[in-house]
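# got a predicted structure plus its sequence, pasted below:
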Amino acid sequence: MAQQLVVESRSFGNNQRIPKRYAFSGFGAGGDNVSPHVKWSGAPAGTKSFAVTMWDPDAPTTVGFWHWLVFNIPASVTEIEEGTVPRGATQGYTDFGTSEYGGPAPPPGHGPHHYHIRVYAVDVDKLPLERGSTGALLMFMLREHTLAQGEYVGIYER
């Protein structure tokens with residue numbers, strides 16, 4: 001089992017409601033689609049890069065919904081400021097069909113959705129993935145290269 005990273009955010013509290021600012025701007029969600037601040041610590045020796053994902057297991061798809069995939073984040077970076085992606089990092093293909101952050105947009109009346117922001121300490125400088133790689137492919141690669149991981153959860157409902 002991988003070691004634990006400590007994950008924090010100034011954008012909203014862990015297991016607390018995500019402000020509308022971070023919600024998707026389409027699908028009637030009415031947000032600003034600004035990616036949240038994410039900070040992590042506790043990476044073990046041998047960490048050469050990081051990956052950050054945001055996934056909604058409550059989406060009515062049978063497989064959840066990928067909202068954000070950022071990988072090949074340099075090991076010197078331990079924080080992503082709101083609305084940014086670290087220099088040198090690569091963004092994967094979200095289930096919105098783009099390679100950029102896509103905020104919460106659960107169906108109205110579907111109840112609270114839990115958005116799992118996970119940070120992975122990775123044992124290689126670069127995963128052999130390109131911009132636009134899918135969440136499934138990223139998770140497949142992380143399976144063999146994760147040294148530590150941590151999670152922070154936000155909740156959103158319409």
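In hand now; what should we look at? Numbering: from 1, shown residues only.
# pLDDT weak spots in this structure?
1-2 (pLDDT under 70).
# list the residues that contact the residue nearest to the spatial centre of it.
Taking Cα atoms, centre = their mean as the criterion, Thr53 is the residue nearest the geometric centre of the chain, at 2.3 Å. Neighbour list for Thr53: 66, 68-70, 116-118, 120, 135, 138-139 [criterion: Cβ atoms under 8 Å, 6 or more residues apart in numbering]. Every residue, glycine included, has its C-beta placed from N, CA and C.
# just the ones of those in strands?
66, 68-70, 116-118, 120 (DSSP state E).
# can you pick the most crowded of these?
Leu69 (28 neighbours; other Cβ atoms under 10 Å).
# grab the nearest non-local neighbour of that one.
Gly92 (3.0 Å; Cβ to Cβ, 6 or more residues apart in numbering).
# include distance to Lys20 when you put the contacts of Thr53 into CSV, please.
Shown next, in CSV, are the contacts of Thr53 (distance: Cβ to Cβ, whole Å):
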residue, distance to Lys20
Trp66, 21
Trp68, 17
Leu69, 23
Val70, 22
His116, 19
Ile117, 17
Arg118, 23
Tyr120, 28
Gly135, 24
Leu138, 27
Met139, 29
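# returning to that earlier point: from the ones in strands among the contacts of Thr53, pick the one nearest Phe96.
If you rank the ones in strands among the contacts of Thr53 by distance to Phe96 using Cβ to Cβ, Trp66 comes first, at 8.5 Å.
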